[in-house]
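S.K.: here is the input, now give the coordinates:
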Amino acid sequence: MRLHPIRLFLMGLCLALSACGFHLRAVNEMPADLQSLAIEPDAPWSAFQRELRQQLQASGATITSKPKAIVFIKNESETSTNLAYGANGQVNRVRVELSLDFEVHDDAGKTISGLQHIVVSRDYGVNPNAQLASDDEKNLIVHEMRKEAALQLIRRLMSVKSAPETP
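M.R.: Take a look at the predicted model:
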C-alpha cells in the first residue's frame, strides 16, 4: 500500500502541529460574577445594543432583569466626516466613527469598572457614479464597526475583577 504524497504531507502536518502543543482557541467566557447582566439604558432599537446582546450571549452571559452586574452605555454616537473631495467637488472619501462610553456597576450600585471609552473608525471610498453600492458598503462597514465595538466592550468586561468584599 502506497500513500499519496498529499496524504503523507497532511499526516506529517497533523503530527507536527500536535507535537508543538497547538490547539484551537476556546470560546471566551464571561467571569462568573458577570454572567448575569443588564444593559442600561435598555434601548432595543439601538443597533449597537442589539449586536452587544448577541455577542454577550455568545460569550455565556445572560441578559436578565435581576442581574449581578449592570453595564451602563453612555454617549453612544455614530458620525460621518467627509475626508476628500474630487475635482468635481463631490465627496470621494468618508470616515465613519462609532464611539461610546460605558461603566459597570454591581447589583448594589457599587462601581466595578469606571467610565471607559471605545472608539472604532473606518474610512471608505464613495463612487458618485455608483451611489447605491457606496451606501451598501457604508452599511456593511458600520455593521462591522458595531460588532468590533461590542467585542471590545466584552473583552474589557472579561478583564474586570469584582472588588473583594470588605468587612
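S.K.: alpha carbons of the lowest-mean-pLDDT helix or strand in the chain, as CSV, please.
M.R.: Within the chain, judged by mean pLDDT, DSSP states H and E, the helix or strand with the poorest mean is helix 5-19; its value is a mean of 73. Output for helix 5-19, consisting of C-alpha atoms alone and laid out as CSV, is shown next (Å, rounded to 0.1, in the frame of the first residue of the first chain):
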residue,chain,number,x,y,z
PRO,A,5,2.1,12.4,-1.3
ILE,A,6,-0.7,14.8,-0.3
ARG,A,7,-2.0,12.4,2.4
LEU,A,8,1.6,11.9,3.6
PHE,A,9,2.1,15.7,3.8
LEU,A,10,-1.2,16.2,5.7
MET,A,11,-0.4,13.4,8.2
GLY,A,12,3.0,14.9,8.7
LEU,A,13,1.5,18.4,9.3
CYS,A,14,-1.0,17.0,11.8
LEU,A,15,1.8,15.2,13.6
ALA,A,16,3.9,18.4,13.7
LEU,A,17,1.0,20.5,15.0
SER,A,18,0.1,18.1,17.7
ALA,A,19,3.7,17.8,18.8
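S.K.: quick test: name the residue nearest the centre of the protein.
M.R.: Computing the C-alpha centroid of the chain and ranking residues by C-alpha atoms, centre = their mean puts residue 151 first, at 2.3 Å.
S.K.: how far does the helix or strand that one falls within sit from its chain's centre?
M.R.: Here residue 151 sits within helix 131-159, counting by DSSP states H and E. Distance, stretch centre to chain centre, for helix 131-159: 7 Å (C-alpha atoms, centre = their mean, to the nearest Å).
S.K.: sort out which residues of that helix are buried, please.
M.R.: In terms of neighbour count (16 or more other C-beta atoms under 10 Å), helix 131-159 has its buried residues at 134, 137-138, 141-142, 145-147, 149-151, 153-154, 157. Any C-beta I mention is one placed from the backbone N, CA and C, and that applies to glycine too.
S.K.: which strands or helices does it pack on?
M.R.: With contacts defined as 3 or more C-beta pairs under 8 Å, 6 or more residues apart in numbering; DSSP states H and E, the secondary structure elements packing on helix 131-159 are helix 47-58, strand 69-85, strand 91-106, strand 111-125.
S.K.: residues touching residue 71, list them.
M.R.: 37-40, 102-104, 153, 157 (C-beta atoms under 8 Å, 6 or more residues apart in numbering).
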